[in-house]
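Enquirer: Task: produce atomic coordinates for the following.
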Amino acid sequence: MNMRNKYILVLLCAFALSACQHGRTYFPEDLAKQEIELVRFDKALIDVQSDDAQSTKASIRALYDAYPVFMPLWVEDILGIPSSDTAYLVQQLPLFLNDTTYGFKATNAREQEVFADVSDIEKSLSRAFARILWLYPDAEVPLFYLFVSGFQTPVYFGEGLIGIGGDMYLGSDYEYYNRVVYDYQKQTMRKECIPVDVVSAFLFRTLPYTSTKSRLLDQMMYRGKVMYLTAQIFDDLPGYEVMGWTKEQWEWCVQNERAIWHLVMDKRDLFKTESLVLTGYLNDGPFTSEVSQEAPGRLGIWLGWRIAESYMEHHGEVSLQELMEEGDAQKILEESYYKP
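Expert: Down below sits the predicted model:
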């Protein structure tokens, strides 16, 4: 074999290895099933009879009996009423259910329409948590409650449970969202966003930030690794859906990735610890001002994800668990050979 053919063979092998690693499959197909069922607290609550104080009181008592764990949490954390103050709850619950000033009555009705069938959410969460348990067999799978939050929270955590605020996922075009959120926040207020929101929030709580350093690089890599893990769990979704962006936002970042990275490096932002820099890159917003008003919010998390992806492509022997356990952000960056 002459030198030219040898060179071509080396290139082909390198390309094949790269392609194989880029398409790594982390999960076996025959995973043990993990059946997730949503507890429909939303339906039980919205069906409360509130025509008079006596029927309201009876309905409240029935809710406490049927949902002894979640009902007190909902009353205290969503309505802001002591769970022992039944008399005040009898007054306030009908207002929450029938309010027209803030749109709760219309919203609760819309929530029942949107979530008439939740089998798609249950199927997606079942698949996701089967994969999580394969990675972390000791993880505790919570109970899942669907509820209405009065526009307060999309994902709620309690002891051994996760609540999903269905009224926060009624569609980006839902009219009452104009009163309570900014336009850029509406992108993820869709029913199909629930599984990713729930799983990413669960992972952030299960795999907490442990670094003693507070540089942008360390925060960026921690959050980017969690999003990379989330993307592997939802490997049937495009990256922009996992990130909570539009397709156009994702494509803009890919097209400008080299310029973005050079700008970040030139400004030496990776090694800064100022809160304004960290929040500018990591927090949600209409754009990432440190880079460009065309750059979507949370761009730093996306960069961390891309670096984690490059690291795993170059280290086929590293498992997802080992990636998450690696706390040296500098090492991951250097060994990722990330050069967009």
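
Enquirer: For residue 289, which residues are in contact?
Expert: Residues in contact with residue 289 (CB atoms under 8 Å, 6 or more residues apart in numbering) are residue 280. For the C-beta atoms, the positions are set from N, CA and C on the backbone; glycine is no exception.

Enquirer: Revised request: answer the last question for residue 304.
Expert: Contacts here follow CB under 8 Å, 6+ apart; on that basis residue 304 touches 220, 221, 222, 223, 224, 225, 227.

Enquirer: Give me the spatial nearest neighbour of the second one, chain neighbours excluded.
Expert: What it means is residue 221. When the adjacent residues along the chain are set aside, residue 221 lies closest to residue 329, with 3.8 Å between them (CB to CB, 6 or more residues apart in numbering).

Enquirer: Verify the stated contact: that neighbour with residue 216.
Expert: No: using CB atoms under 8 Å, residue 329 is not in contact with residue 216, being 9.6 Å away.

Enquirer: what about the helices in the stretch 151-300 of the chain?
Expert: Assigned by DSSP state H, counting those that start in this stretch, the helices in the stretch 151-300 of the chain fall at 177-180, 194-206, 216-233, 239-243, 247-255, 257-267, 275-282, 299-314.

Enquirer: Pull the CA coordinates from the first one and hand them back as PDB.
Expert: Taking C-alpha atoms only, helix 177-180 is exported to PDB below (Å, rounded to 0.1, in the frame of the first residue of the first chain):
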ATOM      1  CA  TYR A 177     -50.200  34.900  29.000                       C
ATOM      2  CA  ASN A 178     -49.900  38.400  27.700                       C
ATOM      3  CA  ARG A 179     -50.800  39.600  31.200                       C
ATOM      4  CA  VAL A 180     -48.400  37.500  33.200                       C
END
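
Enquirer: Would you mind measuring from the nearest residue to residue 83 once chain neighbours are set aside to residue 82?
Expert: Once its chain neighbours are removed from consideration, residue 83 has its nearest residue in residue 72; the separation is 3.9 Å (CB to CB, 6+ apart). Noted for residue 72: a distance of 9 Å to residue 82, by CB to CB, to the nearest Å.

Enquirer: got a list of contacts for the helix or strand hosting the residue nearest to residue 83?
Expert: When secondary structure is defined by DSSP states H and E, residue 72 falls within helix 70-77. In this structure, residues lying in contact with helix 70-77 by CB under 8 Å, 6+ apart are 39, 41, 45, 63-64, 81-83, 89, 145, 147, 156, 158, 161, 163.

Enquirer: Among those residues, which pair sits farthest apart?
Expert: Taking CB to CB as the measure, the contacts of helix 70-77 span a maximum distance of 23.4 Å, between 39 and 82.
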